[in-house]
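K.L.:
let's see this in three dimensions:
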Amino acid sequence: MKRIYVSNNGLKKCVEYFRNTIISSPEQLGMFFFFKSIGFSENEYKAFPKVSGISDEQRQDYLKKLYNLSAVFDKDAESGEKRCCLFPFSITSEIGSKQQFNPGTVFKGLLSRMRDTVDNTLVDDTKFLRKDDTNPDFFKFPRDYIQILQNNFLNNQRISLVYFSAWYFRFRGIECNDSWLENPNVDLYKAFTRVCTKTLVEELKLTDSELNELFYHDEDEIIPYSSNKISGADLRGHLQFAKDSIPEIKELPRGGNDYMSDTKDIEIQKTEELSQPTGNNITVDSLKSLLNALKQVILYGAPGTSKSHITNKIKDDFEDSAMIQFHASLTYEQFIGGISVDSDGKFISKPGIFLDFCERARREEENGKKYLFIIDEINRGNVSKVFGETILTLDREYTADLVSPIIWEGNSVKKFSIPSNVYIIATMNSADRSIAQIDYAIRRRFAFVKFYPNYELIESISDCTELSDIKPNVLFKSINKALLNVLKDENMILGHAYFIPKWAIQDDKKIHWTPEVLKVLINYYVLPIIEEYTYGNSRYLANILGRTIPTRIDDNDLFISEIKKQFRVD
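P.N.:
Model prediction:
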């Protein structure tokens, strides 16, 4: 196992980016992200009392979060005193006292200055905090805080998520396998970038709206890594300070910088999880852990979000598996069992697919062999009718008395239970508009895992050599944004599978995009599902795709021109 860090060259590019990015009141923007990291939102007021009202533990945590966003010293090797707080948005060609946050205050005393800034500056109609009328120590964001940030701080530009993440990880390590250092390449740099950006999003508690409106994610921007940790001196060497604004650095005291809590490096298990191009979706390993713990999981989300794909990946971990697709006419007799008519017209007792599967698994229960039962589109069946009295057995500790005995391999089964070695995964498309119809008895007995469109996956498997002015993942996101704006339903969007044209995947396992490939995909795969979503309503179609794209443009040049006119594509 190795440990890697943002490379010196990666940090240099990060500093150059922020040096060339003009932001109004940059130190206040830095404070916005501090407040995000401690849980501020527009939904409810949250306390940010004066320092005397903060516990020691909370003070240490707050200073750690401030350190991650702004410190120009390595707390593990040196002590930062005055002039050591610099948000990346404040980086200029020459950094003076105006760029540093409260340069006359030592770093460990900055929380008091932050509260002063809140009281004197940030509670204002043009800023991003509002005070609770009933308690002066409680604050929240206004409803239009994103618009305020765009207009009054960002000058209607967006921040590079990649370079912000590089800054955030300037002193932080990531555990990885030896291969990351033995054979570094672009794909591994992209994996490292995913770890950094996903950690930033998680720790700053960034919402989808904030990511879409305040940031851009250029897939051509990557964070290179190195086995060498950047020192405080390395960082300061990339920054040009005015003579009277040089950070005050002292020797690390014997007890270290114990006024703040530790920032943990990313452990290897987390690295392996975050480095995968899963977007916001659960990883295979995490789903396995959840299923092992809870036994029963429902995967739901828009069509094409890889619910079935991840289920198929999990199947290999089980001794055996079976699948059934629920539909409106599925019966208890087909699922559990009952009297049916054989080919000779005789009435016989016949087990259903689920009872048969459970009885076969029961034989191997003591041997520790695991069995997986898959229910596809569970919300399309009448769940209470299909399970009947056996629905209570989903609680696992219960045994149900069957309405009538069922003959299974010559034996009469009068009672039914689900063996401990049987695990159940069910899937459902939330676009079917019937998720709310799932019986409460099912809802409370299953864990629910939502699946989202994975734009990250599209980017990772795309070769746009012949489509250089369009990024398919950006176009994909733009189409979904248009769907959401018009249909006002987050379930009525497209999963990433609709943007993976399998016929265009070459031997290198990349989608080789061309104008022709994109045209065929949109005209004959994407457009039909959007027509289905809108019930062919021409006004809705025009609001989503424009008036020309729904006509299925055949000319490649005209098609590409219309796509670029209608959607954001880079």
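K.L.:
from now on I want contacts and neighbour counts done on CA atoms only, so please keep to that.
P.N.:
Fine.
K.L.:
for the protein, what are the low-confidence residue spans?
P.N.:
Counting by pLDDT under 70, the chain contains low-confidence residues at 342, 432-437.
K.L.:
just want the most central residue of it.
P.N.:
Geometric centre of the chain, nearest residue: Asn280, 2.3 Å, by CA atoms, centre = their mean.
K.L.:
would you map the strands across the stretch 401-550 of the chain?
P.N.:
For the stretch 401-550 of the chain, applying DSSP state E, counting those that start in this stretch gives strands covering 411-416, 422-429, 447-451, 462-463, 511-512.
K.L.:
turn those into CSV, including mean neighbour count.
P.N.:
Shown next, in CSV, are the strands of the stretch 401-550 of the chain (neighbours: other CA atoms under 10 Å):
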stretch, mean neighbour count
strand 411-416, 14
strand 422-429, 23
strand 447-451, 17
strand 462-463, 20
strand 511-512, 22
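K.L.:
for the nearest residue to Phe107 once chain neighbours are set aside, the count of nearby residues, please.
P.N.:
Excluding its sequence neighbours, the residue lying closest to Phe107 (CA to CA, 6 or more residues apart in numbering) is Glu81, at 5.4 Å. Using other CA atoms under 10 Å, Glu81 has 19 neighbouring residues.
K.L.:
show me which residues of the helix ranked longest in the chain are buried.
P.N.:
The helix that spans the most residues within the chain, counting by DSSP state H, is helix 186-203. Within helix 186-203, the residues that count as buried by 16 or more other CA atoms under 10 Å are 188-201.
K.L.:
mind listing what the residue nearest to the centre of the chain touches?
P.N.:
Phe451, Tyr452, Asn454 (CA atoms under 8 Å, 6 or more residues apart in numbering).
K.L.:
what separation do you get for the nearest residue to Arg362 once chain neighbours are set aside and Asp119?
P.N.:
Leaving out its chain neighbours, the residue that sits closest to Arg362 by CA to CA, 6+ apart is Pro419, at 5.7 Å. Pro419 is 61 Å from Asp119, where distance means CA to CA, to the nearest Å.
K.L.:
before we move on, what about Arg360?
P.N.:
In terms of CA to CA, Arg360 sits 68 Å off from Asp119.
K.L.:
thinking again about what came up before, give me the element the residue nearest to the centre of the chain is part of.
P.N.:
Secondary structure from DSSP states H and E places Asn280 outside every helix and strand.
K.L.:
more crowded one of Pro419 and Asp119?
P.N.:
More neighbours surround Pro419 than the other of Pro419 and Asp119, with 20 against 15 (other CA under 10 Å).
K.L.:
surely the more buried one and Asp356 touch.
P.N.:
No. Using CA atoms under 8 Å, Pro419 is not in contact with Asp356, being 11.9 Å away.
K.L.:
before we move on, the earlier item: residues in contact with the residue nearest to Arg362?
P.N.:
Contacts of Pro419 by CA under 8 Å, 6+ apart are Cys358, Ala361, Arg362, Glu365, Arg396.
K.L.:
follow-up on the earlier one: can you put the strands of the stretch 401-550 of the chain in CSV and add distance to Lys477?
P.N.:
Compiled in CSV, these are given as follows (distance: least, CA to CA, whole Å):
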stretch, distance to Lys477
strand 411-416, 47
strand 422-429, 19
strand 447-451, 15
strand 462-463, 15
strand 511-512, 17
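K.L.:
out of those, flag the one nearest Asn177.
P.N.:
strand 462-463 (25.4 Å; CA to CA).
K.L.:
give me the number of residues near Arg363?
P.N.:
By the criterion of other CA under 10 Å, Arg363 has 11 neighbours.
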